[in-house]
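# sequence first, then the predicted structure:
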Amino acid sequence: MLKIGEFAWLGQVTVETLRHYDRLGLLKPDHLDPFTDYRYYTLGQLPQLNRILALKDLGLSLEDIARMLDNNIEADTIRHILLAQQAELTRQVQASQQRLARVEVRLKQIDQEGKMPEYEVLLKAVEAQWIASVRQTLSSWEQEDFGPTVSGMFAQVGEYLNRQDIKPVGPGMALYHADRLVENSSQRGEPDIETALPTARPVPDSDLITIRQMPKTQVAYAVHRGSFTGLLAAKQAIVAWVEANGYQCTGPFCEVYLHFDDDHQANQDSPYHVIEIQLPVTKA
């Protein structure tokens, strides 16, 4: 008989590990002292311990290991457990490879710019949602014309929903169809803008207002804080991230106005606007 400490030393595990395996029924001691409850093991139990450790090294859960230690387990069940673990490990490797690629992109960016990027770009899934919207092609990107026109478009949607006794269920958003991200506004083409408010359910549309459901979409997104003049740089940062990480665009930019402060809109250095910029993407 071996004391639990001696058996633990031989098996290269801790005493607490053996106690845990005992509680789970994975490896019961050969003898339990009825007076002291002290556990004793035999050398013949080392192969069982080694099998547990070998299966654990494959990344299997202790629950799966317990199933595989059952002498009556069928080969097909063992194969099913191992195939499931193989699939999970493959997923983990792919996730690590993608994370490694993002680290390499970040290092290259730091080398080129000498600092952390201004915008952090992330991926997320945006659930399907109903929106009421109005779409219009504007004549110019100039802020003195662009801003009031877009504000008026939002007002049209809001007034229509108010007449329907419908309250928006989230922040307003603007979709920029066919936007060319260049610094010179004269080369960006005419702004094709769709302003929208999300609703909990579809409502009747009109000649002016369109009711539609935006599908569930994976987006690359960043959060911009400040005036609207910085939005172009944020969008360019998203496009650069998408290209560097092997994605491709599948839809228009969407600006989600998480916090919109009318009182400070004219201030170019205002920190009060908080806008999430989303770009639908898929893996290239």
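Yes, it's here.
# so what's Gly44 closest to, chain neighbours aside?
The shortest distance from Gly44 to any non-neighbouring residue, by C-beta to C-beta, 6 or more residues apart in numbering, is to Asp30 (8.0 Å). All C-beta spots, glycine's among them, are computed from the backbone N, C-alpha and C.
# so that neighbour is in contact with Met1, correct?
Yes - using C-beta atoms under 8 Å, Asp30 is in contact with Met1, at 7.1 Å.
# of those two, which one has the most company?
Higher neighbour count among Asp30 and Met1: Asp30, with 15 against 12, using other C-beta atoms under 10 Å.
# ok so, going back, how close does the residue nearest to Gly44 sit to Gln48?
Remark: distance between Asp30 and Gln48 (C-beta to C-beta, to the nearest Å) = 11 Å.
# intersection of neighbour lists for the two?
Here Asp30 and Gln48 have no joint contacts, going by C-beta atoms under 8 Å, 6 or more residues apart in numbering.
# circling back to that earlier point, and the residue nearest to Gly44, backbone torsions?
phi -70, psi -30 (degrees, to the nearest 10).
# give me every residue that touches it.
Met1, Tyr40, Tyr41, Thr42, Gly44, Gln45.
# nearest the geometric middle of this structure, what residue?
Of all residues in the chain, the one closest to the mean position by C-alpha atoms, centre = their mean is Lys124, 3.7 Å from it.
# what stretches of the protein score poorly on pLDDT?
Residue ranges of the chain with pLDDT under 70: 143-144, 179-189, 261-271.
# so which residues of it form strands?
2-3, 31-32, 39-41, 122-126, 129-137, 173-177, 192-199, 210-214, 217-225, 247-249, 253-259, 274-283 (DSSP state E).
# may I see the buried residues of the longest one?
This points to strand 274-283. Val274, Ile275, Glu276, Ile277, Gln278, Leu279, Pro280, Val281 (16 or more other C-beta atoms under 10 Å).
# reformat those as a markdown table; add distance to Thr199.
Formatted as a markdown table, these follow (distance: C-beta to C-beta, whole Å):
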| residue | distance to Thr199 |
| --- | --- |
| Val274 | 22 |
| Ile275 | 21 |
| Glu276 | 19 |
| Ile277 | 22 |
| Gln278 | 18 |
| Leu279 | 23 |
| Pro280 | 20 |
| Val281 | 25 |
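# next up, phi/psi of the residue in the chain sticking out farthest from the centre, please.
Here the centre of the chain is the reference, and by C-alpha atoms, centre = their mean the most remote residue is Phe35, at 55.6 Å. When read as degrees, to the nearest 10, the backbone of Phe35 gives phi -100, psi -40.
# show me the contacts for the closest residue to Ile78 other than its chain neighbours.
Distance criterion C-beta to C-beta, 6+ apart; nearest residue to Ile78, sequence neighbours excluded, is Met68 at 6.0 Å. Residues in contact with Met68 (C-beta under 8 Å, 6+ apart) are Leu55, Leu60, Ile78, Ile81.
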